[in-house]
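Engineer: from the sequence below, what's the structure:
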Amino acid sequence: MFFLRPTAAILISTVLVAPPAFATNVHRSPTSGQAHAHKLTQSKHRTRRARGQQAIQPERVTQIQRALIREHYLTGETNGKWDATTIAAMQKYQADHGWQTKLMPDSRALMKLGLGPDYSTAINAKDSSFAPPTPADSTPSSQTSGFVAGSGVNQ
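Structural biologist: This is a model prediction of the structure:
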């Protein structure tokens, strides 16, 4: 038994020392700091690419101007240019409806002017009606029978 202790000690120390000797991954630092410095200077000179719509197309400006003229917010003829007069008219229109005036034009304003998206060419638009729903007072009584005004589930 006295012989096993030194043998076990040698065996354990051999196992602990051997793995670093057979390691294959060696981390080496770059030989020159030049490559790293070059990458930093390149990133400083990059310009950001503008995203989103940068300008309104002249055809669309003409449509907006026609709608603003129809609503009496703009006078004169359409010119297809998003100029100061058109911007002022659009800001006034949006402000009169309680909408923000910084983003020009606001999507709600375009929809209110009748310039919203056109779904008439959609795949399922053939037999669809995009007209607003009929008022409640014109609904036939046969459709409303059994319903009590003001009744609901959460009462």
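
Engineer: burial count for residue 80?
Structural biologist: The number of residues packed near residue 80 is 16, by other CB atoms under 10 Å. (C-beta placed from N, C-alpha, C; glycine too.)

Engineer: report the buried residues of the lengthiest helix in the chain.
Structural biologist: Assignment by DSSP state H gives helix 4-21 as the longest helix of the chain. Across helix 4-21, burial judged by 16 or more other CB atoms under 10 Å covers no residue at all.

Engineer: isn't residue 86 right up against residue 66?
Structural biologist: No: using CB atoms under 8 Å, residue 86 and residue 66 do not qualify as a contacting pair, with a distance of 11.1 Å.

Engineer: pick out whichever of the two has more residues nearby.
Structural biologist: Neighbours per residue (other CB under 10 Å) separate residue 86 from residue 66, with residue 86 holding more: 22 against 16.

Engineer: is that one within a helix or a strand, and which one?
Structural biologist: In this assignment (DSSP states H and E), residue 86 forms part of helix 84-96.

Engineer: okay, buried residues for that helix please.
Structural biologist: Under the neighbour-count criterion of 16+ other CB under 10 Å, helix 84-96 has 86, 89, 90, 91, 93, 94 buried.

Engineer: circling back: alpha carbons only: can I get the longest helix of the chain in PDB?
Structural biologist: The C-alpha coordinates for helix 4-21 follow below in PDB (Å, rounded to 0.1, in the frame of the first residue of the first chain):
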ATOM      1  CA  LEU A   4       0.700   2.900  -4.400                       C
ATOM      2  CA  ARG A   5       0.900   6.500  -3.000                       C
ATOM      3  CA  PRO A   6       4.000   7.700  -4.900                       C
ATOM      4  CA  THR A   7       2.700   5.900  -8.100                       C
ATOM      5  CA  ALA A   8      -0.700   7.600  -7.800                       C
ATOM      6  CA  ALA A   9       1.000  11.000  -7.200                       C
ATOM      7  CA  ILE A  10       3.200  10.600 -10.300                       C
ATOM      8  CA  LEU A  11       0.200   9.500 -12.400                       C
ATOM      9  CA  ILE A  12      -2.000  12.500 -11.300                       C
ATOM     10  CA  SER A  13       0.800  15.000 -11.900                       C
ATOM     11  CA  THR A  14       1.500  13.600 -15.400                       C
ATOM     12  CA  VAL A  15      -2.200  13.900 -16.300                       C
ATOM     13  CA  LEU A  16      -2.300  17.500 -15.100                       C
ATOM     14  CA  VAL A  17       0.800  18.500 -17.000                       C
ATOM     15  CA  ALA A  18       0.200  16.600 -20.300                       C
ATOM     16  CA  PRO A  19      -2.800  18.500 -21.800                       C
ATOM     17  CA  PRO A  20      -1.100  21.900 -22.200                       C
ATOM     18  CA  ALA A  21       1.800  20.200 -23.900                       C
END
